[in-house]
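Asks: give me the fold of what follows.
(chains A and B)
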Amino acid sequence: GESVGLHLPTLSVQEGDNSIINCAYSNSASDYFIWYKQESGKGPQFIIDIRSNMDKRQGQRVTVLLNKTVKHLSLQIAATQPGDSAVYFCAENEGTYKYIFGTGTRLKVLA
Amino acid sequence: NAGVTQTPKFRVLKTGQSMTLLCAQDMNHEYMYWYRQDPGMGLRLIHYSVGEGTTAKGEVPDGYNVSRLKKQNFLLGLESAAPSQTSVYFCASSYSMGRRRDTQYFGPGTRLTVL
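Replies: So this is what the prediction gives:
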């Protein structure tokens, strides 16, 4: 496969541990946020989203936390599995066509 | 239900050649987008469409044209390819945007190399 982000920050996590991936967003007017997972050679895949009227949202094994005060978003993955290895990036939107995408963090799951 | 599909998956062009990338979605989405993804950068919007017959420029439209003749298809054209257009191209679609924002669903990508 091809790696699109050759110099991405990398988070290495032991299988079974929890992972926390962070994202600093840029626009204080953004009120909708999405986390994507991108495996090598594939398109981004939606994981979870959150709107600005919430500060936490949970999915299956994933939790997104939003801190609007410091414009920070985090993705927590519980009991990380080998299949979670991928690039994760956040996106923000302020209600227009324009989404601002982060460059991503590479998650490596160690067996 | 195939979601969003893109053709071709890979392509190598020589400088000055032209080509068209095809995106198709079977989710009856109104909105479609073309992005490019380059190393060390987030996805950047090239063009988008809010419905059949309507297109608009995104962040990096120069050197590209688009058409949305059918609701399910969104074509991206390169009239005269340049090495700077070497990238991975992603198409996405969504049900809506704006006030009632909706998730974008992405295709698998087209890897384009311009020599």
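Asks: how about the contacts made by the residue nearest to residue B:53 when sequence neighbours are not counted?
Replies: Nearest non-adjacent residue to residue B:53, counting by C-beta to C-beta, 6 or more residues apart in numbering or on different chains: residue B:68, 6.3 Å away. For the C-beta atoms, the positions are set from N, CA and C on the backbone; glycine is no exception. Counting by C-beta atoms under 8 Å, 6 or more residues apart in numbering or on different chains, residue B:68 touches B:32, B:49, B:51, B:52, B:53, B:54, B:55, B:74, B:75.
Asks: burial measure for the fifth one, as a count.
Replies: Neighbours of residue B:53 under the rule other C-beta atoms under 10 Å in any protein chain shown: 11.
Asks: quick check: it touching residue B:66?
Replies: No - counting by C-beta atoms under 8 Å, residue B:53 stays clear of residue B:66, with 11.6 Å between them.
Asks: where does chain A dip in pLDDT?
Replies: A:1-7 (pLDDT under 70).
Asks: where along it do the strands fall?
Replies: A:10-14, A:19-24, A:32-38, A:45-51, A:56-58, A:62-67, A:72-77, A:86-93, A:99-101, A:105-110 (DSSP state E).
Asks: can you list the residues of chain A near chain B?
Replies: A:2-8, A:32, A:34, A:36, A:41-46, A:49, A:89, A:91, A:93, A:95-104 (C-beta under 8 Å from any C-beta of the partner chain).
Asks: out of the contacts of residue B:68, which is most surrounded?
Replies: Highest neighbour count within those, by other C-beta under 10 Å: residue B:74, with 31 neighbours.
Asks: contacts only, for it.
Replies: Residue B:74 neighbours (C-beta under 8 Å, 6+ apart): B:23, B:24, B:25, B:32, B:33, B:34, B:49, B:66, B:67, B:68, B:91, B:93.
Asks: the nearest residue to it once chain neighbours are set aside bridge partners, please.
Replies: Nearest residue to residue B:74 in three dimensions, chain neighbours excluded: residue B:32, at 4.0 Å (C-beta to C-beta, 6+ apart). Beta bridges link residue B:32 to residue B:49, residue B:93 when assigned by DSSP bridges.
Asks: pretty sure residue B:32 sits against residue B:25.
Replies: Yes - at 6.8 Å, residue B:32 and residue B:25 qualify as touching, with contact defined as C-beta under 8 Å.
Asks: now do the shared contacts for these two.
Replies: In terms of C-beta under 8 Å, 6+ apart, residue B:32 and residue B:25 are both contacted by the residues B:74, B:91, B:93.
Asks: adding pLDDT as columns, could you present those residues in TSV?
Replies: Shown next, in TSV, are the shared contacts of residue B:32 and residue B:25 (pLDDT from 0 to 100):
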residue	pLDDT
B:74	98
B:91	98
B:93	93
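Asks: tell me how many other residues crowd the residue nearest to residue A:59 when sequence neighbours are not counted.
Replies: Among residues not flanking residue A:59 along the chain, residue A:48 sits closest, at 4.6 Å (C-beta to C-beta, 6+ apart). Here the count is done by other C-beta under 10 Å, and residue A:48 has 18 residues near it.
Asks: residues contacting the residue lying closest to residue B:19 once chain neighbours are set aside?
Replies: Setting aside the residues directly before and after it, residue B:19 is nearest to residue B:78 in space (C-beta to C-beta, 6+ apart), at 5.5 Å. Residues near residue B:78 by C-beta under 8 Å, 6+ apart: B:13, B:18, B:19, B:20, B:21, B:63, B:64, B:85, B:112.
Asks: also residue A:48?
Replies: Per C-beta under 8 Å, 6+ apart, neighbours of residue A:48: A:34, A:35, A:57, A:59, A:62, A:63, A:64, A:75.
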